[in-house]
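Asks: mind looking at a prediction? Sequence and model below.
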Amino acid sequence: MAALGYQAEDTIFALSTGIERAAIAVLRVSGAGSRNILLQVCGKLPVARKAVLRKIWNNASTQDDLLDEALVLWFPGPQNYTGEDGFELHLHAGPAIIRAVSEALVNAGARPAEPGEFTRRAFVNGRMDLVEAEGIADLVAAETDGQRKLALAQADGALSQLYSGWSERLKKILAFQEALIDFPDEDLPAEVEEGINQEIQKLQFEMQQHIADGEHGERIRQGVVFAITGPPNAGKSSLLNWLTGRDTAIVSSKAGTTRDALEAACILAGIKVTFVDTAGLRETDDEIEAEGVRRALFHVKQADCVLQMFPANEPPDDIFPGATLIGNKVDIGEIPKTILGKDVFAISLKTGDGLPELYTFLQRKVEELTAASASGAPLLTRARHKAGVQEAVRCLHAALLQDWPELRGEELRLAMRALGRLTGHVGVEDLLDTIFGQFCIGK
Ligand SMILES: Nc1nc2c(c(=O)[nH]1)N(C=O)[C@@H](CNc1ccc(C(=O)N[C@@H](CCC(=O)O)C(=O)O)cc1)CN2
Ligand SMILES: Nc1nc2c(ncn2[C@@H]2O[C@H](COP(=O)(O)OP(=O)(O)OP(=O)(O)O)[C@@H](O)[C@H]2O)c(=O)[nH]1
Ligand SMILES: [Mg+2]
């Protein structure tokens with residue numbers, strides 16, 4: 001079967017708390033054997049869902065080898081996270097305790113869980129769909145408020161509801177379409193076909209809007225990227241260091257100091273933001289510097305936003321499309337208010353002039369690049385979802401072009417299948433190892 005050797009009948013366990021030094025460690029157990037295993041290590045079953053203090057033994061019936069005194073939670077299924085019997089041991093977090101209790105669980109018939117296997121079981125047991133499970137993974141991985149809120153909404157079903165709502169609507173369209181196929185000679189009102197077309201177009205529009213807004217969701221999840229570019233000695237590396245509050249890049253008065261692209265991340269307006277400092281742009285015979293310039297231009301192209309810097313008395317002749325102009329070293333020379341009609345931020349990384357204004361501007365820019373969709377609909381967050389929705393849009397488009405009712409029905413079914421694969425309601429066996437393999441162990 002699956003590459004991970006996924007076996008639903010096994011009873012699995014894992015350390016669900018972190019591996020650093022901590023006061024308490026939670027070992028989580030799930031599977032049909034949970035009841036017997038708990039009896040073996042703890043003697044008798046606690047009241048369901050109530051924390052009780054119990055001695056943990058290698059074998060409670062012989063009171064052989066006392067391992068710890070722990071809080072025990074017994075979760076008889078199916079009303080719990082995984083949807084099957086399970087329990088938790090809240091242990092003292094010593095490595096020797098964790099090892100000894102793990103061994104006792106293995107002796108009693110459990111095996112270590114694969115990454116994401118608890119959540120995979122929750123999915124298999126119908127406790128959540130695939131999009132919600134991905135939301136849980138993102139929630140655990142979240143490092144910023146933006147990521148946390150986005151993931152929480154997704155884990156809570158907001159995005160799943162959007163996708164299953166579309167599926168429901170498609171199902172209705174398909175039912176009408178079937179009626180057209182089954183009763184071609186009946187006098188079905190002409191409005192039926194017209195209605196089908198309109199509803200398909202409406203769905204297609206909403207999906208396309210979702211994909212367009214999706215850029216914002218992907219930016220919240222993966223971070224917004226700002227590229228810093230400009231001629232040598234403009235102060236690009238000085239800006240990077242100031243923005244990230246760290247001495248990331250070497251700063252020197254020698255032109256051509258930075259030759260590689262350097263990335264440093266920070267949190268701005270609750271969003272992960274990566275700044276890329278790049279080699280100063282100039283003609284050069286130096287092979288390494290030329291490669292640096294080539295990479296700089298690559299990052300400028302890839303970035304969500306370009307910060308084009310120049311030093312006082314050296315205003316640029318060209319502006320990168322959509323770039324924000326920053327004139328540095330206002331302490332030593334003239335900086336124009338505008339260039340080719342574009343506003344210029346006049347700053348000095350030496351004196352701090354203009355930096356608060358620039359910072360406020362960057363926060364606004366980040367908010368703009370990650371704003372919620374105007375419709376209030378949840379944002380798309382992953383390439384997998386984008387691909388699925390795009391596939392559905394393609395099928396709807398094909399359906400609209402199709403005159404034969406049978407073939408049109410087929411395209412509509414393919415669109416439904418694309419949406420079904422998103423939430424995991426149809427044909428996802430091949431995806432599960434990839435998706436749950438990205439989780440941490442114990443989740
Ligand atoms: N100790 C501990 N903390 C945890 C979890 C856990 O499993 N154990 N969680 C897991 O990762 C998260 C909480 N998620 C959970 C989701 C559902 C249920 C659950 O048992 N739900 C049942 C019963 C609810 C009840 O008793 O009121 C239900 O929804 O029907 C428990 C935890 C975060 N904190
Ligand atoms: N007077 C003055 N000097 C500055 C200012 N900002 C940076 N410098 C100096 O300008 C020089 C170049 O700064 P960097 O940050 O290394 O410039 P860069 O754009 O990264 O240069 P390359 O890596 O060579 O492309 C350094 O000596 C800085 O100390 C400023 O606002 N005013
Ligand atoms: Mg530099």
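Replies: Happy to help now that I have it. Numbering: from 1, shown residues only. Ligands and ions are numbered 1, 2, ... in the order given.
Asks: only C-alpha atoms for contact and neighbour calcs from this point on.
Replies: Will do.
Asks: restrict the longest strand belonging to the chain to CA atoms and write it as CSV.
Replies: As assigned by DSSP state E, the longest strand anywhere in the chain is strand 64-75. The C-alpha atoms that make up strand 64-75 are tabulated as CSV, following Å, rounded to 0.1, in the frame of the first residue of the first chain:
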residue,chain,number,x,y,z
ASP,A,64,6.9,-4.4,37.9
ASP,A,65,9.2,-1.4,37.4
LEU,A,66,7.6,2.0,38.4
LEU,A,67,8.3,4.5,35.6
ASP,A,68,6.6,7.7,36.6
GLU,A,69,3.6,9.3,38.2
ALA,A,70,1.7,11.1,35.4
LEU,A,71,-1.6,12.8,34.5
VAL,A,72,-3.5,10.3,32.3
LEU,A,73,-6.3,11.2,29.9
TRP,A,74,-8.4,8.5,28.4
PHE,A,75,-10.2,9.4,25.2
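Asks: tell me what it is packed against?
Replies: Using 3 or more C-alpha pairs under 8 Å, 6 or more residues apart in numbering; DSSP states H and E as the contact criterion, the neighbours of strand 64-75 among helices and strands are strand 52-59, strand 86-92, helix 95-107.
Asks: buried sites along that strand?
Replies: Of the residues in strand 64-75, those buried under the neighbour-count criterion (16 or more other C-alpha atoms under 10 Å) are 67, 68, 69, 70, 71, 72, 73, 74, 75.
Asks: and the pLDDT at the second one?
Replies: At residue 68 the predicted local confidence, pLDDT, stands at 98.
Asks: these two touch, right, it and residue 57?
Replies: Yes - the pair formed by residue 68 and residue 57 meets the contact definition of C-alpha atoms under 8 Å, at 7.3 Å.
Asks: ok, how many other residues are close to the residue of the stretch 51-200 of the chain found nearest ligand 2?
Replies: Nearest residue of the stretch 51-200 of the chain to ligand 2 (C-alpha to the nearest ligand atom) works out as residue 144 at 28.0 Å. The number of residues packed near residue 144 is 19, by other C-alpha atoms under 10 Å.
Asks: how much space separates it from residue 160?
Replies: Separation of residue 144 from residue 160 (C-alpha to C-alpha, to the nearest Å): 22 Å.
Asks: do residue 307 as well
Replies: Computed as C-alpha to C-alpha, the residue 307 to residue 160 distance reads 37 Å.
Asks: buried stuff in stretch 126-144?
Replies: Going by neighbour count (16+ other C-alpha under 10 Å), the buried part of stretch 126-144 is 127-139, 142, 144.
Asks: hmm, back to that, redo the buried residues of strand 64-75 as CSV? Include distance to residue 321.
Replies: Shown next, in CSV, are the buried residues of strand 64-75 (distance: C-alpha to C-alpha, whole Å):
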residue, distance to residue 321
67, 66
68, 64
69, 65
70, 62
71, 60
72, 61
73, 59
74, 60
75, 58
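Asks: which of those residues sit farthest apart?
Replies: Farthest pair in the buried residues of strand 64-75 (C-alpha to C-alpha) is 67 and 75. Separation: 21.8 Å.
Asks: need the residues of the chain near ligand 1, please.
Replies: With C-alpha under 6 Å from any ligand atom as the criterion, the chain comes near ligand 1 at residues 79, 80, 81.
Asks: which PyMOL command selects the buried ones in those?
Replies: For anyone working in PyMOL, the buried entries among the residues of the chain next to ligand 1, judged by 16+ other C-alpha under 10 Å, can be selected with:
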select buried, resi 81
